[in-house]
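A.B. asks: output the structure for:
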Amino acid sequence: MRRFQVTVTTDGAGAATVYSPRVSGKLHQVSYVKTDYTDGVDFTITGEETGQNIWVESNVNATAHRAPRQPTHSQAGVASLYAAGGAAVETPIALANDRIKIVIASGGAAKVGTFQFLID
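C.D. replies: Presented below is the predicted three-dimensional model:
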């Protein structure tokens, strides 16, 4: 497993857009390590080329860890379920030579936070 770390510094308006290096593999975990972002910071984290949603959350106040997954589907495009009417079957998000795009809003002027991505 590989860990990629990206430090993000906001501008005077409390916003930022940064990118990870190019990565390939299955994304298992994303961690936000709070340094000094203002409480209530908003994240939108996606694959740059695909736009694949990785983590979107508003009003984050502390260090947080997430294990984002995506739903699976049959060859006919129908959602896979554990049982009729059951919960969706999910799988880790796959990235293929893509960068992870991190967009910050409401982070406070010139504040810093770090994001770590575990990929295998």
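A.B. asks: roughly how far is the helix or strand of the chain with the lowest mean pLDDT from the heart of the chain?
C.D. replies: The least trusted helix or strand in the chain, going by mean pLDDT, DSSP states H and E, turns out to be strand 69-71, with a mean of 92. Mean-position distance between strand 69-71 and its chain equals 12 Å (Cα atoms, centre = their mean, to the nearest Å).
A.B. asks: list the helices and strands it packs on?
C.D. replies: Packing partners of strand 69-71 (3 or more Cβ pairs under 8 Å, 6 or more residues apart in numbering; DSSP states H and E): strand 90-98. Where C-beta positions appear, they are placed from N, C-alpha and C, glycine not excepted.
A.B. asks: buried ones in stretch 39-50, by neighbour count?
C.D. replies: Neighbour-count burial for stretch 39-50 flags 41-47 (criterion: 16 or more other Cβ atoms under 10 Å).
A.B. asks: from those residues, pick the one nearest residue 3.
C.D. replies: Distances from residue 3 to the buried residues of stretch 39-50, taken as Cβ to Cβ, are shortest for residue 45 (15.7 Å).
A.B. asks: let me see the ranges of the helices in this protein.
C.D. replies: Taking DSSP state H, the chain contains no helices at all.
A.B. asks: what about the longest strand in it?
C.D. replies: strand 23-34 (DSSP state E).
A.B. asks: and that one, what's buried?
C.D. replies: Residues of strand 23-34 classed as buried by neighbour count (16+ other Cβ under 10 Å): 23, 25, 27, 30, 32, 34.
A.B. asks: make CSV out of those residues and add pLDDT.
C.D. replies: Converted to CSV, those look like this (pLDDT from 0 to 100):
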residue, pLDDT
23, 96
25, 97
27, 98
30, 98
32, 98
34, 96
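A.B. asks: low-confidence ranges in the chain?
C.D. replies: The chain contains residues with pLDDT under 70 at 84.
A.B. asks: how about 50 then?
C.D. replies: Residues of the chain meeting the criterion pLDDT under 50: none.
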